[in-house]
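> Below: sequence and its predicted model.
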Number of protein chains: 2
Amino acid sequence: MNEKHNNLEEKEIESNLIFDGRVLHLYCDKVSLPNGGTGVREYCKHNGGVCVLPLTDKGEVILVRQYRYAHRKVTLEIPAGKLEGKDNDTQEAALRELREETGATCKSLTFLGQMYPSPALLDEIIYIYMAEGLEFGEQELDEDEFLDCVKMPLSELVDMVCDGKIPDAKTQVAVLRAWKIMSERG
Amino acid sequence: MNEKHNNLEEKEIESNLIFDGRVLHLYCDKVSLPNGGTGVREYCKHNGGVCVLPLTDKGEVILVRQYRYAHRKVTLEIPAGKLEGKDNDTQEAALRELREETGATCKSLTFLGQMYPSPALLDEIIYIYMAEGLEFGEQELDEDEFLDCVKMPLSELVDMVCDGKIPDAKTQVAVLRAWKIMSERG
């Protein structure tokens, strides 16, 4: 195997905004390639999001069941939401989504890192958190948001991720990361 | 916390194809919501992809460095590629991407499951594989594909995922899954 370190950068020649939606902003840009040629890159801009794995004192995770229209399917995911224009703090956004979707507040919030869901197509970045020391109140959903909460042991969720029963990327990452952290705490 | 099981389905009223690109197909559909109201869903259709974590007999992973124009950044990812029209076998597609991007063939290929990178925005499904028993030949890149190969111990990669140095979602999932599998093999 060859380990080379070439210049890989693609430079914008012309940027074309094709669709400027409420959530997605699709571009079709003309770029110069590392070999001097030109190419076209189709991609979407998006405001990014946060997600939070809420872990109870008994080692259970709160998940949400919701309909994902793009997949025409109900999925099981950790609570999450889009970053809004006013959000300059992803931690506050995570606490908001936790409260809105599950009704919970938390005593501690741990940052588990960033994720690029689909770097070839999308500039979306998701900020991943784990919440502990939960206290439960009432859900406060957005007008066009419909979801159910489900509680499940973290160990069972790890098996579900490994058995292919949880296809959502951010939930797979957060569950595997939380499981590694809990294993190391002993 | 309330565990309810409502009807969550959103039904298509009108489907509008806004942009029919080479890679992305953007829709802006009118849907009926579970409460009887209507809403709009912006999302992209995409042909889906495969990725493969190549693990050497010495416990090292082959990664690719490539420029991701949507993020204006070079990222470190496991080899991956789009499914093509003719691909009705994701396993064959994984072997093709492995060979094209790293020059390697493998003796064993393990399916690690599906991933929905961004289910709110994108119908993309990525099929994740792990390749072992590697033998190396020459890279065969696509015309507009530019990437470098890098070799790194799996244990170091696990630390990099946990330290936030590998933001790509499919690489995070594959590295954590491979690490769990190798830990269980002992």
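That came through, no problem. None of these values were measured; they are calculated from a predicted model.

> Now the phi/psi pair for the residue lying closest to residue A:23 once chain neighbours are set aside, please.
Among residues not flanking residue A:23 along the chain, residue B:42 sits closest, at 4.9 Å (Cβ to Cβ, 6 or more residues apart in numbering or on different chains). Bear in mind the C-beta positions are built from the backbone N, C-alpha and C, glycine included. Main-chain dihedrals, residue B:42, degrees, to the nearest 10: phi -90, psi 130.

> Check whether residue B:42 really touches residue A:24, as I assumed.
Yes. With contact defined as Cβ atoms under 8 Å, residue B:42 counts as touching residue A:24 (4.7 Å).

> any idea how far residue A:53 is from residue A:171?
Residue A:53 sits 8 Å away from residue A:171, going by Cβ to Cβ, to the nearest Å.

> and for the two, which residues touch both?
Counting by Cβ atoms under 8 Å, 6 or more residues apart in numbering or on different chains, the common neighbours of residue A:53 and residue A:171 are residue A:78.

> Who does the lowest-mean-pLDDT helix or strand in chain A pair with, and is each partner parallel or antiparallel?
Least confident helix or strand of chain A, by mean pLDDT, DSSP states H and E, is strand A:147-153 with a mean of 93. Neighbouring strands of strand A:147-153 in its sheet, by DSSP bridges, are strand A:60-68 (antiparallel).

> The residue located most distally from the centre of chain A: which element?
Distance from the C-alpha centroid of chain A, by Cα atoms, centre = their mean, peaks at residue A:36 (35.5 Å). Assigned by DSSP states H and E, residue A:36 falls within no helix or strand.

> what's the overlap in contacts for residue B:42 and residue A:24?
Common neighbours of residue B:42 and residue A:24, using Cβ under 8 Å, 6+ apart, are B:26, B:121.

> distance of the residue nearest to residue A:23 from residue A:101?
Distance, residue B:42 to residue A:101, by Cβ to Cβ: 21 Å.

> who's more crowded, these two?
For the pair residue B:42 and residue A:101, the greater number of neighbours falls to residue A:101 (26 against 23), based on other Cβ atoms under 10 Å in any protein chain shown.

> List the contacts of the closest residue to that one other than its chain neighbours.
Among residues not flanking residue A:101 along the chain, residue A:79 sits closest, at 4.1 Å (Cβ to Cβ, 6+ apart). Counting by Cβ under 8 Å, 6+ apart, residue A:79 makes contact with A:51, A:52, A:54, A:62, A:63, A:64, A:97, A:98, A:101, A:102.

> can I assume the second one sits in a helix?
No. Following the definition DSSP: H, G, I helix; E, B strand; the rest coil, residue A:52 is strand and is not counted among the residues of a helix.
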